[in-house]
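A.B. asks: output the structure for:
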Amino acid sequence: MKLCYLYSDITMNGGIERVLSIIASELADNWGYDVTIVSIYRTQDTPPYKFSDKIKIVYLSDSPYSGSPGSFHRLKLQIKTLNLIKAYFKRNRFDIIAAQSFPCAFMAYLSGIDRSRIVAVEHVYYGYYNKLMRMLRNRIYGKFKWVVSLTQNDTASFKKCLQNVSTIPNPVVFGCNSPSTLDSNKIISVGRLEYQKGFDILLDVFKEVNRLYPLWTLHIYGKGTLREALSDQIKELGLESCVFLEGVTKSIDEKYRESAFCVVSSRFEGFPMTITEAMREGVPCVSFRCPNGPEDLISDGKDGILVSHLDKAGLTDAISTLIIDKSKRKEMGKAAFYSIRRFDVRHVAEMWNDLYVDLVNTTSV
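C.D. replies: So this is what the prediction gives:
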């Protein structure tokens, strides 16, 4: 089967790019798919994540994917690429075109690609866009062959106005054979240094945590536009000796395993890879019940702790619980190590294969 993943820029560093490298490589290597990645833009020379040698990567433009989401600059960029998208898919035919995220799906729609072959893959939670944009998105998604969301809650929301939707979670690749020891005094948090991830909230919370437990440290991994602002906040709160902005690391698995537990303070999420990455190492997570995602991954009180959304006091209490009770921490870590295996990449690939085969069999040629 000829499968195409249409994405804005595969050379960027983020969750969607990482997921594509995992699932596309699995389908190409072990399921016999002829996979092409069509990247509309090219900010860096090469993708930051490894793809199977069997996968073909095509760049429609050498232009960087610049500008902030929703900006006029980015809108101009997207308008300029419509003819490139249209021309490419006129020359190249695929059984399935999996458009990653609404902006890519929107450009595919405007470009006039055969909608009966398009699967829109939604990577953010249902309410991410404002009401007007949601109405536009849902109208367009209704024209496509199928829509895939990451969580059951999002699928339920889509089904209020769409029938062509189902849930397939992000995949997890496992490497270690035993849970982490969780013996350190280090707390880890991972993500882009952007408003969505709520690191400013976490710093406010950690001020109180540090007062109660001065021997514990917080290590934040990631890069983004808010690094300077977060650095200033750390200084203002007097946390320079216990909170560290570590930047990006190529050994994030090791950093998880060096930690006692992970904290996710996001304002909103789709399917938080930070949680799956921590749990696969046997590291329990404390997370806000942000819409949506964490509740699909964490069983509260069993393999992690869920906190009411944006509840700073609740987050402080949950962090304190895992600091104080080492046996509970280890128990949750072991449970996380095994429970997350339901998202094994082979199982998720089977879900995608079943969907694609079914859709191709019902698509007129």
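
A.B. asks: for the stretch 101-250 of the chain, which segments are assigned as helices?
C.D. replies: Ranges of helices in the stretch 101-250 of the chain, per DSSP state H, counting those that start in this stretch, are 102-111, 131-141, 152-158, 199-212, 227-236.

A.B. asks: now render those as a markdown table, adding distance to Ile57, mean neighbour count and mean pLDDT.
C.D. replies: Where you see a C-beta, it was placed from the backbone N, CA and C, and this is true even at glycine. What follows is the helices of the stretch 101-250 of the chain, written out as a markdown table (distance: least, CB to CB, whole Å; neighbours: other CB atoms under 10 Å; pLDDT from 0 to 100):
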| stretch | distance to Ile57 | mean neighbour count | mean pLDDT |
| --- | --- | --- | --- |
| helix 102-111 | 15 | 21 | 92 |
| helix 131-141 | 26 | 15 | 94 |
| helix 152-158 | 29 | 19 | 92 |
| helix 199-212 | 32 | 19 | 98 |
| helix 227-236 | 29 | 14 | 97 |
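
A.B. asks: Ala349: which of those is closest?
C.D. replies: helix 152-158 (19.3 Å; CB to CB).

A.B. asks: keeping just the C-alphas, turn the closest one into PDB.
C.D. replies: Extracted in PDB, the C-alpha atoms of helix 152-158 (Å, rounded to 0.1, in the frame of the first residue of the first chain):
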ATOM      1  CA  GLN A 152     -11.400   8.800  23.600                       C
ATOM      2  CA  ASN A 153     -12.700  12.200  24.900                       C
ATOM      3  CA  ASP A 154     -11.700  14.000  21.700                       C
ATOM      4  CA  THR A 155     -13.400  11.300  19.600                       C
ATOM      5  CA  ALA A 156     -16.600  11.700  21.600                       C
ATOM      6  CA  SER A 157     -16.500  15.500  21.000                       C
ATOM      7  CA  PHE A 158     -15.900  15.000  17.300                       C
END
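
A.B. asks: which other helices and strands does that helix contact?
C.D. replies: When contacts are defined as 3 or more CB pairs under 8 Å, 6 or more residues apart in numbering; DSSP states H and E, helix 152-158 packs onto strand 146-149, strand 165-167, helix 294-297.

A.B. asks: grab the nearest non-local neighbour of Leu306.
C.D. replies: Nearest residue to Leu306, sequence neighbours excluded (CB to CB, 6 or more residues apart in numbering): Asp300, at 4.2 Å.

A.B. asks: sticking with the residue lying closest to Lys56 once chain neighbours are set aside, tell me its helix or strand.
C.D. replies: For Lys56, the nearest residue in space outside its immediate sequence neighbours is Thr36; the separation is 4.7 Å by CB to CB, 6+ apart. Taking DSSP states H and E as the criterion, the element that holds Thr36 is strand 34-39.

A.B. asks: so which elements touch that strand?
C.D. replies: Using 3+ CB pairs under 8 Å, 6+ apart as the contact test, the elements touching strand 34-39 are strand 2-7, helix 15-30, strand 56-59.

A.B. asks: now do 10 Å
C.D. replies: strand 2-7, helix 15-30, strand 56-59, helix 72-91, strand 96-100 (3 or more CB pairs under 10 Å, 6 or more residues apart in numbering; DSSP states H and E).

A.B. asks: for Ser339, find the nearest of the ones you listed.
C.D. replies: With distances scored as CB to CB, the stretch of the helices and strands packed on strand 34-39 nearest to Ser339 is helix 15-30 (19.3 Å).

A.B. asks: coming back round to it: need the helices and strands packed on strand 34-39 in a markdown table (columns: distance to Val148 and mean neighbour count).
C.D. replies: Putting the helices and strands packed on strand 34-39 into a markdown table (distance: least, CB to CB, whole Å; neighbours: other CB atoms under 10 Å) gives the following:
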| stretch | distance to Val148 | mean neighbour count |
| --- | --- | --- |
| strand 2-7 | 12 | 23 |
| helix 15-30 | 11 | 20 |
| strand 56-59 | 22 | 15 |
| helix 72-91 | 20 | 14 |
| strand 96-100 | 8 | 25 |
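
A.B. asks: ranking those by mean pLDDT, which is last?
C.D. replies: Per-stretch mean pLDDT for these is lowest at helix 72-91 (a mean of 81).

A.B. asks: need the contact partners of it.
C.D. replies: Here helix 72-91 makes contact (CB atoms under 10 Å, 6 or more residues apart in numbering) with 4, 6, 8, 36, 38, 40-41, 58-61, 63-68, 71, 97, 103-104, 106-108, 110-114, 117-118.
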